Each structure stands twice: as C-alpha cells, then as structure tokens.
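Colleague: pasting a predicted model and its sequence here:
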Amino acid sequence: MAHKKWIIAEADKEKASVLSEKLNIDPFIAFLLVSRGIGDELAASDFLSDSCAFSSPFSLKDMDKAVERINQALDYNEKICIYGDYDCDGVTATALLFTFLESMGADVTYFIPNRLTEGYGMNKSAIDSIKARGTDIIITVDNGISAVDESEYIHSLGMELIVTDHHQIGETLPKACAVINPHRKDNKIAFSDFAGVGVVFKLACALYDGDPGDIIEQYADLVAIGTIGDIVPLKSENRGLVKAGIDLINSSSRIGIEALREASGNAGSNLTAMDVAFQICPRINAAGRMDTAYIALELLICDDYDEAKFKASQLNIENSHRHEVESNILEDIDRKIAENPQLINDRIIVISGENYHHGVIGIVASHIVSAYGKPAVIIGIDENGEATGSARSVEGFNLFDAILYCKDLLIRYGGHPLAAGLGINADRISEFRRKINEYAFENHPVMPVQTLKLDCKLSPFYLNVDLVDNLSALEPYGADNAQPIFGLFNVKLESITPIGEGKHIRLEVSKKGKMIKVVLFRKTPEQLPYKIGDLLDLAIKVSKNFFKGRYYLSVQCVDIRPNSADDNKYFSEKSDFELFETGRTNETDIYPSRSICSVIFKFLKQNGGWNYDFDDLYFALNQKVTYAQLKYALSAFEESGLISQQNSVIIINEVNGKVDLENTEILKMLKGRLQ
C-alpha cells in the first residue's frame, strides 16, 4: 500500500467544551464534532438527533408535473415502464418505485440495461423493446438526465418520459413531461446531494400527498442501501434516511433483505451502515457487474422467502465470482508490472489486458491507486480489438480533465474528477498512455499527496467498550462522515500472530504497560516489514464484538508505519525525484555516493535482501538516504548484477570480483547531468 501523509484534525477545545455543556454530551464526542466542522449548537443538535426535518418534495422543480402525469396514468390504466440502472443505487431505486406504484394499482414494469452489452443509461434498442410492450410512459431512475437524443426518440414513438436522476446536468435538458433532479438551479431546496434512490423517495412522498412518514416506514431500508452504495454525503436528509433505513433493516425489513443478510452471514445481528456498505451493497452490485442486475432487483421485490433465499444465494455466488475475477486481473497486472516496472513509474498508471472483465476493472483500478498512490486506468480488450477502460484518481488530480485532453484518441468517454470511463481501439492504447502522462507532466510537476485523516491522537488507556458506545452517537458512518480513525503513537510491537487461516494477523502492542491487541487485515506475517521490539505508529478504528454473553473491544489497524517516519521529508524527497525524472530540476542530493551505496548494500546484505515494498525499505533505513538516492542506487546495483529485483522483492546475487558502480550507465548519466 502506498505511503500516505497522516493529517491529524484540529479542533477548538474551548468550543468543544462549551458544546459539551450546552448539549449535555460526552466531551470527547463534542471534540470530534468540532473537529469535523460541526461546532454550531444547532448544527450539532440536528446531527445527533434521531429525527430529521424533510423538505417538501414539491421543492424540486417539475415534481408537480410528474405527480400529475403519473396520477393520470393511474386513472386511465396506462402502462408505465421504469428504466433503471444496474448498480446498487439504480436497483434499489427501481425496486422502490416499482413496489410503490404497484401498491397504487399501476400497470407497471421495469427495464435495466446490461452493463456489458448496453452500458449505462438509455439506448434506442431498449426503447424499442419497451415500446413493443405497449408502454405509454417511461420513468427513469438514477439515469436519464443526459438522454437528450433518446428523449426525442421516445417522443417520436408516441411515448412520454419522466426523468428522475441525481447526476450532473448538461447544457440541454431531455424532452420530458418532467425532469426531476436535485441539481437543477431552479429547485428550491437547501440540500441537493441525494442518491438516485433518494430522488425516487421524494417522488413517492409527493405521490403520497407529500407525507414522508409512511413512506419511510415502508421504504427506508431500500433508500438506505442505495444511498450508502452510491457513496453520497451522509448529511442532512441523507443521514436521516439512512438512520431510519438501518433501523428498519434491523427490525422488520423486507424478505429479500432478510435473505441477503442470512446469505452474507449477518442473520440475527444488528447491522451498521458500514456493514451494509461492505456486506449488502457489494452483493447487489455483483449482479450488475458480472451478468444482469435483474436477479438483485427480483430479490428486493419478491415476497416468497424460498425464492428470496435462492436468489440471495445466487448473489453470493456472483459476488464470489467477482472476487475471483478481480483477483485474476490483479495477478495479471502484477505480472505485467514485474515484466515492465516503468508502468508504475509513470505519473498515471495505464495497464491493459485481454478480456479483462468490464464489470470489475473499476474496482481493480481502485486497488492500483491504493497500492501505488497514483491515478490508474485499467483497460480490458475484447476479441474484436475494442477496449473499455475504467479510471480512478487521487484527491487533487482531475482525472476527467486528463482524459478530456486525450479525447481525439477515444471512441467515448465520461466521468468525474475522481472516476471516469472510456472506450478506445486497442491499437491506440500506447499512444493514450503517452498522452495522458504528458498531461500529468505538464499540469502536475508534483502529483498530489495521498492523505489519511486522523481524528486525533489517542492514549491506549482510553481504548475500551465504553469509547465505542459513546462513538455510536456519530453513526451512521459513510461519505463525509467517516468512521473515526485514531492514532496510537510510539507503541512497541510485542507479538505477531497469524489469524484467519494465515490471511490476516493480530499484533500485540504496548505503551507504558498497557497492552493492546490490533487486527491487521489482508496482511500475512511474512508481509509485515517489522519485527518484535520495533516502535510503531498505528492508525486504528474501534468497534465491539459480542462473544459468550459479553462485548469485547475490537481494534483494527488501517495503516502502520515506523515511529521515526517523517512524512514531510519523505514527500519532499519524492517530489524532488519526480521533478528530476521529468527534467524540471537538478538536485545535488539525488546522486548516491559511494558511502550512500555502501550504507544501502550493507543493510540489504544484513537482511538477506528485501521482501517488502520500496517505501518500507526507505523507512527501514531510517531515512538516512534520500528517496532518489535509494531509487538510483538500487538501479545501479541491478545494472551491475549485485541484485535482482522483481516488483519490490530484492535478491542478493553472488558476484565474482569487484564491481565498479561508478561505471554503470545510470550513475554515469546522473553524474553527467548533475555536472
């Protein structure tokens, strides 16, 4: 995992103390609220309240027109088709509107495009098939705002269109009876960051005379799952909807969700928003990623438990298949990087492969970003030489602008600053890689730093179940309200124990006599670059587990580093290296002198090579050498035959006679340039 800069949140302690007194809340919770920008008494009270004030659905432009047209369809028994989307938000939005309209006696069907064969949004072939059903009105959910051409086609076929969407609005609205989108400038609402299912919830409230109470009792579970799955901010009305939805899921949720809870191993336990995010949403998403989303939709709307149980088990299978396909692609990417390390030296990592599954390349791109701390574009090439790419970025680098710079090479493209998609002919991928990195070089001489935000430093003596109980006031966690992360600094590593069939490890650390057990997931003992006795800093999350009649504290490590790590020094030196590599600067501490090379090679010999990441080696040397010196020294060692490198693994070779590092091409190049 790429090294991140830790940023510890700051808070006005006096302000937090006043807030604690006025609201009669735990002082630590008040401190965390202030550190998150919720220091106003009214704002904090609203945030902590179990109730929520919902705006009128008619504050959304065209809501009155949509209600009038749908009621007319109900009166005259016109056929309605809901045009949904294949992700978690689109599936839950389709399920909500379908079941709601059906309960009102509507003649209603649904359609969800296939991600692999049709792609996102409306298409004319689908519109033709919907027309063939005798449809009078199409209602989009979680899509449609950009369907300008398709809306004209719908009109030409004699059908009418109602758009409900939450994506950003282009220059032209589609031709429709109503276009409901919280981002319209002519709305009269204070909060606009709804998911697609949140917009559909508003439509259902409007059709139900504007009263949200009964709609929440019936559909908040679907709204919560879609809202969490789409990673929209859990603020204002979203927070209230998710709170109500989690309560409904844990009490009397619909049959399909109960079956899905059982299939995911969560039957009988109270789920949190984080559980929904990691257990429920991925299974719903898996259907649309790997095949068709219909199975997920049918699960959510079915009323037969045996059928629901079967469909939930199918989603489990699809999710396992997704994991397997994802792992296979990542293994292939690791092999490509080993064969061509330059791929990860680029500012933007662009990797393509034959038949990479289009449904998972976005997830794979996220893994690559996390591993290397750089934007990544993963491209799957089909048997016809056509390629589809999915891209993910780091905060501060606008990936969509970078892709826009390459638009002359692309068949199609779209997206946002942090995530985008594209289509390209396979024979133009190399040119695309060159051009998108050209954009990065010209616009970002130094790439943005990946950060990890910590809520505060914490003494191990404060870690207990009571802390977890107090923190529950901040739930539900999600986008813009992350689960708190705390820093344990200068703790001593006492033991390392493999758990979960060796796939994870439990660390025992101590400070001033206090022992703490910490779980580190997806890391084996062999992959941990630390030894007993090392002084470490840990970034942790806390929760509690129920076992044999009582609750126990659970501590999860989300990042780990040596206590001596100097973030500012690391990122400054890394920037110097990147600037030097691109010809922007000549730094004198780039060159690895004989004494520097001696320090590095001696360390490698003492450790029998190196089996961990480059960053781990840099910090293991206690930052005695600069980032660039280490990079170039390793290149010189490899060129001279002293070592072999495969990914981050370094093997010491047997070499006869003396080696003249000064005569290696890499050091001659450096010396010539610096002189």
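Modeller: Good, I have the coordinates. Predicted, not measured: the structure shown is a model, and the values here were computed from it. Residues are numbered from 1 along each chain as shown.
Colleague: which residues of the stretch 151-300 of the chain score low on pLDDT?
Modeller: 210 (pLDDT under 70).
Colleague: ugh, typo on my part, it should be the chain
Modeller: In the chain, residues with pLDDT under 70: 210.
Colleague: swap the cut-off to 80 and go again
Modeller: Residues of the chain meeting the criterion pLDDT under 80: 1, 210-211, 252-253, 268, 546-548, 582-588, 646-648, 675.
Colleague: dead centre of it: give me the residue that sits there.
Modeller: Nearest to the geometric centre of the chain sits S366, at 6.9 Å (CA atoms, centre = their mean).
Colleague: once you drop chain neighbours, what's closest to it?
Modeller: R392 (4.9 Å; CB to CB, 6 or more residues apart in numbering). In short, each C-beta sits where N, CA and C put it, glycine included.
Colleague: bridging residues for that neighbour?
Modeller: With DSSP bridges applied, R392 shows beta-bridge pairing to A376, A419.
Colleague: so where do the strands sit in the stretch 551-675 of the chain?
Modeller: Using DSSP state E, counting those that start in this stretch, the strands of the stretch 551-675 of the chain run over 643-646, 649-652.
Colleague: where's the residue nearest to the centre of the chain relative to G478, distance?
Modeller: 17 Å (CB to CB, to the nearest Å).
Colleague: ok, now R550?
Modeller: 29 Å.
Colleague: between those two, which one's more packed in?
Modeller: Each of R550 and G478 has its neighbours counted (other CB atoms under 10 Å); G478 has more, 25 against 9.
Colleague: can you pull the contacts of the more buried one?
Modeller: 228, 231, 233-234, 242, 273-274, 277 (CB atoms under 8 Å, 6 or more residues apart in numbering).
Colleague: can you rerun that using 6 Å?
Modeller: Neighbouring residues of G478 by CB atoms under 6 Å, 6 or more residues apart in numbering: 228, 234, 273.
Colleague: and if you look at C557?
Modeller: C557 touches 518, 520, 538, 540, counting by CB under 6 Å, 6+ apart.
Colleague: out of those, who's the most crowded?
Modeller: L538 (25 neighbours).
Colleague: is that residue within a helix or a strand, and which one?
Modeller: strand 535-547 (DSSP states H and E).
Colleague: what lines up beside that strand in the sheet?
Modeller: By DSSP bridges, strand 535-547 pairs with strand 486-499 (antiparallel), strand 550-562 (antiparallel).
Colleague: which stretch among those strands comes nearest K124?
Modeller: For the strands paired with strand 535-547, proximity to K124 was assessed by CB to CB; strand 550-562 is nearest, at 46.3 Å.
Colleague: list the buried ones in the closest one?
Modeller: Buried residues in strand 550-562, counted by 16 or more other CB atoms under 10 Å: 553-562.
Colleague: burial count for W6?
Modeller: 18.
Colleague: got it, and the one 10 residues further on?
Modeller: By the criterion of other CB under 10 Å, A16 has 21 neighbours.
Colleague: pull the CA atoms of the strand or helix carrying it into CSV?
Modeller: In this structure, A16 sits in helix 13-23 according to DSSP H and E. Taking Å, rounded to 0.1, in the frame of the first residue of the first chain, the C-alpha atoms of helix 13-23 are listed here in CSV:
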residue,chain,number,x,y,z
LYS,A,13,-11.1,22.6,22.7
GLU,A,14,-12.8,25.6,24.3
LYS,A,15,-15.5,25.5,21.7
ALA,A,16,-15.9,21.7,22.2
SER,A,17,-16.2,22.2,26.0
VAL,A,18,-19.0,24.7,25.5
LEU,A,19,-20.8,22.4,23.1
SER,A,20,-20.5,19.5,25.5
GLU,A,21,-22.1,21.6,28.3
LYS,A,22,-24.9,23.0,26.2
LEU,A,23,-25.9,19.7,24.7
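Colleague: so which elements touch that helix?
Modeller: helix 27-35 (3 or more CB pairs under 6 Å, 6 or more residues apart in numbering; DSSP states H and E).
Colleague: and the helix it packs on, what other elements does it pack with?
Modeller: helix 13-23.
Colleague: so which bits of the helix it packs on are buried?
Modeller: Buried residues in helix 13-23 (16+ other CB under 10 Å): 16, 19-20.
Colleague: can you tell me which of those residues lies closest to A620?
Modeller: The closest of these, once distances to A620 are taken by CB to CB, is A16, at 38.7 Å.
Colleague: right, and the closest one touches F31 too?
Modeller: Yes. Assessed by CB atoms under 6 Å, A16 is found in contact with F31 at 4.2 Å.
Colleague: need the residues touching each of the two.
Modeller: With CB under 6 Å, 6+ apart, A16 and F31 have no common neighbours.
Colleague: quickly note the distance from Y294 to F111.
Modeller: For Y294, the distance to F111 - CB to CB - is 9 Å.
Colleague: what residues are shared contacts of the two?
Modeller: Contacts common to Y294 and F111, judged by CB under 6 Å, 6+ apart, are absent.
Colleague: now stretch 184-202: how far from the chain's centre is it?
Modeller: How far stretch 184-202 lies from its chain's middle: 23 Å, per CA atoms, centre = their mean, to the nearest Å.
Colleague: what does stretch 458-472 give?
Modeller: 27 Å.
Colleague: quote the end-to-end distance of it.
Modeller: End-to-end span of stretch 458-472 (CA to CA, to the nearest Å): 17 Å.
Colleague: how about stretch 130-139?
Modeller: Span of stretch 130-139 from end to end, CA to CA: 11 Å.
Colleague: other residues contacting that stretch?
Modeller: Here stretch 130-139 has contacts from 73, 78-83, 111, 157, 159-162, using CB under 6 Å, 6+ apart.
Colleague: how is the closest residue to K492 other than its chain neighbours assigned, secondary-structure-wise?
Modeller: Sequence neighbours aside, S510 is the residue nearest to K492 in space, at 5.1 Å (criterion: CB to CB, 6+ apart). Following DSSP: H, G, I helix; E, B strand; the rest coil, we place S510 in the strand state.
Colleague: burial count for S510?
Modeller: So S510, with other CB under 10 Å, has 14 neighbours.
Colleague: do E662 as well
Modeller: So E662, with other CB under 10 Å, has 12 neighbours.
Colleague: ok, now how distant is it from K668?
Modeller: 8 Å.
Colleague: related to what we said a few turns ago, quick one: contacts of the helix holding A16?
Modeller: Contacts for helix 13-23 (CB under 6 Å, 6+ apart): 27, 30-31, 34, 39, 41, 44.
Colleague: mind running it again at 10 Å?
Modeller: 12, 25-35, 38-41, 43-45, 48 (CB atoms under 10 Å, 6 or more residues apart in numbering).
Colleague: could you do stretch 506-515 as well?
Modeller: 459-463, 488-500, 516-520, 523, 525, 528, 530, 532, 534-536, 538, 555, 557, 560.
Colleague: show the buried residues in the residues you listed.
Modeller: 460, 463, 488-489, 491-493, 496, 516, 518-520, 523, 528, 530, 534, 536, 538, 555, 557, 560.
Colleague: residues touching L604, list them.
Modeller: 610, 617, 621, 633-634, 637, 642-643, 650-652.
Colleague: out of those residues, which are buried?
Modeller: Buried, going by 16+ other CB under 10 Å: 610, 617, 621, 633-634, 637, 642-643, 650, 652, out of the contacts of L604.
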